[in-house]
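Engineer: I would like to see how this sequence folds:
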Amino acid sequence: MPTPTPLKIHPATPADIPALVNLIKALADYEKLAHEVTGKPEDLEQALFGPRPYAEAVLAWIEDTPVGMALFFHNFSTFLMQPGIYLEDLFVQPDYRGQGIGKALLRHVGNLALERGCGRFEWSVLDWNAPAIAFYQSMGAEIKPEWQICRVTGEALAAFGEM
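Structural biologist: Numbers count the residues shown, from 1 in each chain. As a prediction, this is how the structure comes out:
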């Protein structure tokens, strides 16, 4: 029996932008939201590595293949009066699912939250994604169905301040 190749998780670097963009596009395809991927690789690079980074990412690798990613940023809980980490996206390529990669990525970011003194680690999940919901619950996540996401983008965001 062949020896399993070890999984490596490391923080993204500017050289990883093409891999991250490919993973983001694969995630969008999976979520049936490919039409919403409108950013450019240079936008992502600026957001992650520019003078004021807005987010962070970690990549999961098997040998020289990027097989998964987690993209996250800090938020703040007024009730806890502590920072938190919000996981914007978690994705593992379909051919690599069921091997503990998603769990390893979640644990990695959860450990960062602990190391950074965060009071919570949270994310959203699409209500139709039953496999993801079951997976998150198996890891101890509480699904909060009473919360709804409010979002303003594009022209509505441009007009938002003028109301």
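Engineer: Could you check how many residues crowd around the residue lying closest to residue 13 once chain neighbours are set aside?
Structural biologist: Of all residues not flanking residue 13 in the chain, residue 49 sits nearest, at 7.9 Å (Cβ to Cβ, 6 or more residues apart in numbering). Every residue, glycine included, has its C-beta placed from N, CA and C. If you count neighbours by other Cβ atoms under 10 Å, residue 49 ends up with 15.
Engineer: Verify the stated contact: residue 49 with residue 14.
Structural biologist: Yes - when contacts are counted by Cβ atoms under 8 Å, residue 49 is listed as touching residue 14 (5.2 Å).
Engineer: tell me the strands in the chain, going along the chain?
Structural biologist: Assigned strands in the chain, in chain order: 7-11, 56-62, 65-77, 82-92, 120-123 (criterion: DSSP state E).
Engineer: Adjacent strands (with direction) for the last one?
Structural biologist: Going back to what we said before, that points to strand 120-123. Counting by DSSP bridges, the strands paired with strand 120-123 are strand 82-92 (parallel).
Engineer: The partner strand vs strand 65-77, what angle?
Structural biologist: Using axes from the mean of the first three to the mean of the last three Cα atoms, to 10 degrees, the direction of strand 82-92 lies 160 degrees away from that of strand 65-77.
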